[in-house]
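> Here you go, sequence then predicted model.
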Amino acid sequence: MQPVYPAICGLTLDRPRIMGIVNVTPDSFSDGGDVTTVQAAVARAAAMQAADILDIGGESTRPGAETVSMAEEISRVAPAIRAIRDAGIITPISIDTRKAAVAEAALEAGADMVNDVSAFRYDPELADLVAARGVPVCLMHSKGDPATMQHDPHYVDVVQEVMDHLAERLEFAASRGIARAGVILDPGIGFGKTLAHNLALLAELPRLHDLGAPVLLGASRKKFIGTIGGAEVAKDRMPGSIAVALHGAAMGVHILRVHDVPETAQALALWRAITLAKPL
């Protein structure tokens, strides 16, 4: 039986929560360029009424992506977050960034938590900010950096190595004064991993619960789904993405990070009604 974790951003984790992706970037792998204005960001957030959390990102971390300057990233995310709040949208907001300065600007604009794909390896000062603000944080496993992470990634035992890395990052977070109750862990599907690595991690998701922290799964529209499902275009991978999300829910994942929020919410409602007799 899984432990009961404290609420994150006021959300209990007794059922799978949906994190809706809002990329205010020109080059994200799936929806880059879709949200290029503050108005578009507000419209995207408003369309994600079924999301429990909104994840706002201003720097693409797709394979091959180059680093964006702090000033540019702040100029993308802070006005969008402020406008979403000004529009009366009260859904908790996560800032998807590796940089302390960007996270600080986002928190000032109205964000509630941090989602760091580097798990504090890119900017250790981000850990100090999280500790000082007392906000939740998601720490993800990745190998290398976005520009190079898919250059022949190698593991002896991908599941164990991901778990060891996340355990070490948990210890680092604690050493910087971050409360364990506010940390979420993400195995980093697609970040420095081949199709076989991704499938191995998905098959062994329950092992991540041994780390004693809530688990986030972000597999939406990723390349392996298209490879297996025959969908070259990322936006055509919604059915496969939902299949992976439902698998994650069955494996006890607490937060599902997705592009297709209404569709995922509907699928989860049916899954929950069928398997647990507890509709959302």
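Structure's in. What do you need?
> quick one, helices of the stretch 1-150 of the chain?
For the stretch 1-150 of the chain, the helices defined by DSSP state H, counting those that start in this stretch occupy 38-47, 70-86, 100-109, 125-133.
> which stretches of the chain have low pLDDT?
For the chain, applying pLDDT under 70 flags the ranges 1-2, 27-35, 62-65, 146-151, 278-280.
> if we can go back for a sec, ranking the helices of the stretch 1-150 of the chain by burial, who's on top?
Comparing the helices of the stretch 1-150 of the chain by mean neighbour count (mean count of other CB atoms under 10 Å), helix 100-109 comes out on top with a mean of 22. (C-beta placed from N, C-alpha, C; glycine too.)
> that older thread, just send the helices of the stretch 1-150 of the chain back as CSV, with distance to Arg272 too.
What follows is these, written out as CSV (distance: least, CB to CB, whole Å):
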stretch, distance to Arg272
helix 38-47, 22
helix 70-86, 28
helix 100-109, 32
helix 125-133, 32
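> of all those helices, which lies closest to Gly229?
helix 38-47 (24.5 Å; CB to CB).
> picking that back up, and of the helices of the stretch 1-150 of the chain, who's closest to Thr275?
That would be helix 38-47 among the helices of the stretch 1-150 of the chain, by CB to CB, at 27.8 Å.
> which helices and strands does the closest one pack with?
The contact analysis (3 or more CB pairs under 8 Å, 6 or more residues apart in numbering; DSSP states H and E) places helix 38-47 against strand 17-23, helix 70-86.
> What lies in contact with the last one?
Surrounding helix 70-86, the residues in contact under the criterion CB atoms under 8 Å, 6 or more residues apart in numbering are 22, 24-25, 35, 38-39, 41-42, 45, 54, 56-59, 93, 95, 97, 99, 101-102, 105-106, 108-111.
> got a list of what Ser175 touches?
Counting by CB under 8 Å, 6+ apart, Ser175 has no contacts.
> That one and Thr37, how far apart?
41 Å (CB to CB, to the nearest Å).
> Over to Asp14?
Taking CB to CB, one finds Asp14 at 37 Å from Thr37.
> got it, and Asp157?
Distance, Asp157 to Thr37, by CB to CB: 45 Å.
> Ok, Pro136 next?
From Pro136 to Thr37 the distance is 29 Å (CB to CB).
> Which one's more surrounded, the two?
Pro136 (25 against 12; other CB atoms under 10 Å).
> The more buried one against Ile184, yeah?
Yes: the criterion here is CB atoms under 8 Å, and Pro136 meets it with Ile184 at 6.6 Å.
> so what sits against both of these two?
Residues within reach of Pro136 and of Ile184 at once, by CB under 8 Å, 6+ apart, are Ile8.
> For Pro6, find the nearest of the helices of the stretch 1-150 of the chain.
The closest of the helices of the stretch 1-150 of the chain to Pro6 is helix 125-133. By CB to CB, the value is 15.7 Å.
> how distant is that closest one from the center of its chain?
19 Å (CA atoms, centre = their mean, to the nearest Å).
> and that helix, what does it pack onto?
On a contact count with 3+ CB pairs under 8 Å, 6+ apart, helix 125-133 meets helix 100-109, strand 113-116, helix 158-175.
> Tell me which helix or strand comes right after the last one.
Okay, so that is helix 158-175. strand 183-186 (DSSP states H and E).
> so after that following strand, what's the next helix or strand?
For strand 183-186, the following helix or strand on the C-terminal side (DSSP H and E) is helix 195-203.
> Put the alpha carbons of stretch 171-182 into CSV.
What follows is stretch 171-182, C-alpha atoms only, in CSV (Å, rounded to 0.1, in the frame of the first residue of the first chain):
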residue,chain,number,x,y,z
GLU,A,171,19.5,14.2,-0.5
PHE,A,172,20.9,17.3,-2.2
ALA,A,173,17.5,19.1,-1.8
ALA,A,174,17.5,18.2,1.9
SER,A,175,21.0,19.5,2.3
ARG,A,176,19.8,22.9,1.0
GLY,A,177,16.9,23.0,3.5
ILE,A,178,14.1,21.8,1.3
ALA,A,179,11.4,19.8,3.1
ARG,A,180,10.9,16.3,1.8
ALA,A,181,7.2,16.8,1.9
GLY,A,182,7.4,19.3,-0.9
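> Having no further points to raise, I will conclude here.
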